[in-house]
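A.B. asks: Give me the fold of what follows.
(chains A and B)
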Amino acid sequence: MTINITMAVLLAGLYSVGFYLLMQRSLVRVILGIVILGHGANLFLQGAGGPPGVPPFAGLAAPEVMVDPLPQAMALTAIVITFALTTFLLALAFRSFVLLGHDEVQDDVEDRRVGTTAERNDLVQEAAP
Amino acid sequence: MLILIAAHFLVAALLPAVAARWGRAAFVVATLPPAAALVTAVSWSATVLNGAPPTESLSWAPTIGLDLTLRLDPLALLMIVLVSGVGALVFVYYAAYTPPEGIGRHSALLVVFAGSMFGLVTADDVFSLYVFWEFTTVCSFLLVGGLGLTRAARRSATQALLVTGFGGLAMLLGLILLGTAAGTFRISAIVAYPPSGAVVEVAVVLLLVGALTKSAQVPFHPWLPAAMVAPTPVSAYLHAAAMVKAGVYLVARFAPGFADLPAWWIPLVVLGSWTMVLGGVRALREHDLKKLLAFGTVSQLGFLIVLLGVGEHVAAVAGATMVLAHGLFKSALFLAVGVIDKRTGTRDVRELSGLGARWPAFTGFVVLAAASMAGAPPLLGFVGKEAAFEALLGEPFVLAVLVLGSALTVAYSLRFLIGAFGSKPGVSLVDSEKPGAVLAGPVVIPALAGLVLAFAPGVVEPVIAGYASAYPVAEPYGLALWHGFTVPLLLSAVVLGGGYLVHRFATGHPGRLPEALHAQTGYDRVVMALDSVARGVTGRLQAGSVPVYLGVILVVAVVVPGAGLLAGLTPLPRTQWFDSWLQVPLAVAVLVAAGLAVLARRRLTAVLVTGVIGYGIAALFLVDGGPDLALAQFLVESLTLVVFVFVLRRMPTRFTEERRPLTEGRWVKAVVACVAGTFVAVLAVLFSANRDGLPEASVEYIQRAKEDAGASNVVNAIIVDFRAFDTVGEIAVLAVAATGAASLILASQRARRKADR
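C.D. replies: Numbering: from 1, shown residues only, chains lettered A, B, ... in the order given. Below you'll find the model as predicted:
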């Protein structure tokens, strides 16, 4: 098997952009990140199926020179499911926008409070007799 | 035996109801299971001593070889006499002692405890041993903590739970290692054919951590004096007679197999001797009678650990005798403190005066018990101590430490007696009524037993000899009060005289005794450090920010599998720049679009360049030889764009600009994202590099598409025919997503309409 550097760089780029957008605060950017990650994943599946070849139509060529049809079928399913997921997430983002007036991911105030010093002081008092 | 354990738990379940109806009578009912256990065990003693221990087994997970196996051998019999015998006495005493509230809870917990101790000493497989062991830990926590009304009770209960629970987990690990090394989890088999090797040494040390924490040995001992906040009968039972003996029992149980290992006997002898001396010194400084006894218990447990740990015939005889003697005299003394506390309202030696003259008979029995503790003739404690000195004659250094510890024992026994019953100048005489028969009886019986057994050691000797027969007999040793004029007798005299002098010195110079290093501070520090570490880790990891969580997940996803990947890296096969030249411009276009998606300030721009990525991918699919895939991608991408535009219509044109402190995290995010993305690409490269031609399944699909599915397009055949269930699932996902999206959007519209109205 050979390795295709162009496709490897493309995958790295797509996944990096996808991860970066996923870590943003705007929900629309997060959804775009998921879409791009989906593209990357489909490309990954396709790459796992081997190098380009004859499309898998029965009788067109010998099976050995054909592209692996199984990753293609899986990628096809994945494309459609990514679409379903995107639509649903968009609806969620839209709902969040209607209710809150923005589409930002907020920090969890309770979680933040865990790390604050006020409770640490309580703890020191509790431990000291 | 299984039935007896079940009976304990059953009675415990019923006790709260009994207590609610009949009050104190609940303790009478509670006495039944331990009494039955005692009678049954004693009635089997003939079989036990014939060398054929009765065994019962219940397989509760046979497929993975988990059995509940019980075995009644001489050591178990000896422990049952203590656990069930003292238990029954304590329950009777508790009926007269207790205030009316909390009877149901306490009686039920005590019976559960008695059942667990019974199971613990009869268990013959390591897992049952561990389960019963932890049962006793939990019972101790609940009984020490009581209803959790005071901070002292909560602290002490938590300390007891943390220390013994930590030891229990270490013990479990040790037991599993030991069982794996031995190839069996039956304790009797492990001890009979002990495995060897480095793993066994580690396992033994872990096992000892369990024993030393449970039996309150240095440096884990502070939990035991702290646990004295429990009601006195609980202390008498759990923290003198039964639970703290579990560690001693564990040592006694495994010593015949492992006493030769340095990893076994060095820690036991060193820590045991140290504990014996330290406990004695601390007991001389206590004013609270109960705390005095608690440090005395710590000291005596050290003594027992040394005797049973060295693994030698006479030492085993001495250890087993002392286990019995200690259980008898210490429970009697604790219960006597309970009587004093209940009648006079104080346990402080500085406030008690003149009790001996008011309660002469009661005092007499307590003196018997205390004298047995001090090792004075003619009591069982003396018999045991003689045997101990005899056993260790060959080890002068250990013997010297034990003589010192015994002298301290004599000193604090005197301090106890004089403190509790003596008349002190300048202290007003305590005036209180005499204890009744129910309160005094449980003190009298074990105190008298210590006297009777000293004159007739033959009653228990077969059991003790039965345990000690696990060791080779150099020369037979018989328990007796009188062996003639021997070195041990001389040592006993030295101990008694020395103890008297130490006591005189200690009372004369109360400040002169060294204040021992406080292990309690060590415990507090460790707990505080744990707390602050937990707080620091939680505060940093649980920052409450989704981007931080995602970053942490990505880093972990890269580091953990990445390390494994690096470990198994093979040289890469042939590389090439591209498979088809068309891939290069398409890849460049997609990458540029991806970069623009990151930089875009307007929502619509970002969505449109993402669409460009999608179309570029579709074109790449076409190049790769997947026309169906390319078609689906084109259609879906167009649909996605339409949906995005519908939603973005209602949102602001631009993204909200990030606030100042957040922009600084941008570089961290970019680096994490790039590392994770590169990692995925490397994964993909390695994955495709290890692929070798079409897999068999795909070849089959291609060959069968025509005849089996009647289709020439293999991908279509797979989707609608070979893997049709996948497609059904996919349709279900679409339906669910569509329903969800529709309901969310409709809800918004309804809300808006309501607002307009």
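A.B. asks: low pLDDT regions in the stretch 501-650 of chain B?
C.D. replies: Applying pLDDT under 70 to the stretch 501-650 of chain B flags the ranges B:510-519, B:570-573.
A.B. asks: can you map out the strands along it?
C.D. replies: Assigned by DSSP state E, counting those that start in this stretch, the stretch 501-650 of chain B shows strands spanning B:575-576.
A.B. asks: do chain B as well
C.D. replies: B:55-61, B:66-71, B:575-576 (DSSP state E).
A.B. asks: swap in chain A?
C.D. replies: A:3-4.
A.B. asks: Just give me the neighbour total for the closest residue to B:Gly522 other than its chain neighbours.
C.D. replies: Once flanking residues are discounted, B:Gly522 sits nearest to B:Pro219: 6.4 Å by Cβ to Cβ, 6 or more residues apart in numbering or on different chains. (Each C-beta comes from the backbone N, C-alpha and C, glycine too.) A count of neighbours around B:Pro219, defined by other Cβ atoms under 10 Å in any protein chain shown, yields 15.
A.B. asks: Also the one 4 residues further on?
C.D. replies: Counted with other Cβ under 10 Å, residues neighbouring B:Trp223 total 26.
A.B. asks: lowest average confidence, helix or strand, in chain B?
C.D. replies: In chain B, no helix or strand scores lower on mean pLDDT, DSSP states H and E than helix B:660-663, which sits at a mean of 53.
A.B. asks: B:Ala454 is nearest to which of the strands of chain B?
C.D. replies: Among the strands of chain B, the nearest to B:Ala454 by Cβ to Cβ is strand B:66-71 (30.1 Å).
A.B. asks: in the closest one, what's buried?
C.D. replies: Using 16 or more other Cβ atoms under 10 Å in any protein chain shown as the test for burial, strand B:66-71 gives B:Asp67, B:Leu68, B:Thr69, B:Leu70, B:Arg71.
A.B. asks: Can you tell me how far the most centrally placed residue in chain B is from chain A?
C.D. replies: Against the mean C-alpha coordinate of chain B, by Cα atoms, centre = their mean, the closest residue is B:Gly165 at 2.8 Å. B:Gly165 sits at a distance of 18 Å from chain A (criterion: Cβ to the nearest Cβ, to the nearest Å).
A.B. asks: Surely that residue is in contact with B:Thr136?
C.D. replies: No: B:Gly165 is beyond contact range of B:Thr136, at 11.1 Å (criterion: Cβ atoms under 8 Å).
A.B. asks: B:Arg525 is in contact with the residue nearest to B:Gly522, correct?
C.D. replies: No: in this structure B:Pro219 lies outside contact range of B:Arg525 using Cβ under 8 Å: 11.9 Å.
A.B. asks: List the residues that contact B:Val647.
C.D. replies: A:Leu90, A:Ala91, A:Ala93, A:Phe94 (Cβ atoms under 8 Å, 6 or more residues apart in numbering or on different chains).
A.B. asks: From B:Leu608, how far out is the nearest residue to the first one once chain neighbours are set aside?
C.D. replies: Right, A:Leu90. Spatial nearest neighbour of A:Leu90, excluding adjacent residues (Cβ to Cβ, 6+ apart): B:Val647 at 5.0 Å. Computed as Cβ to Cβ, to the nearest Å, the B:Val647 to B:Leu608 distance reads 14 Å.
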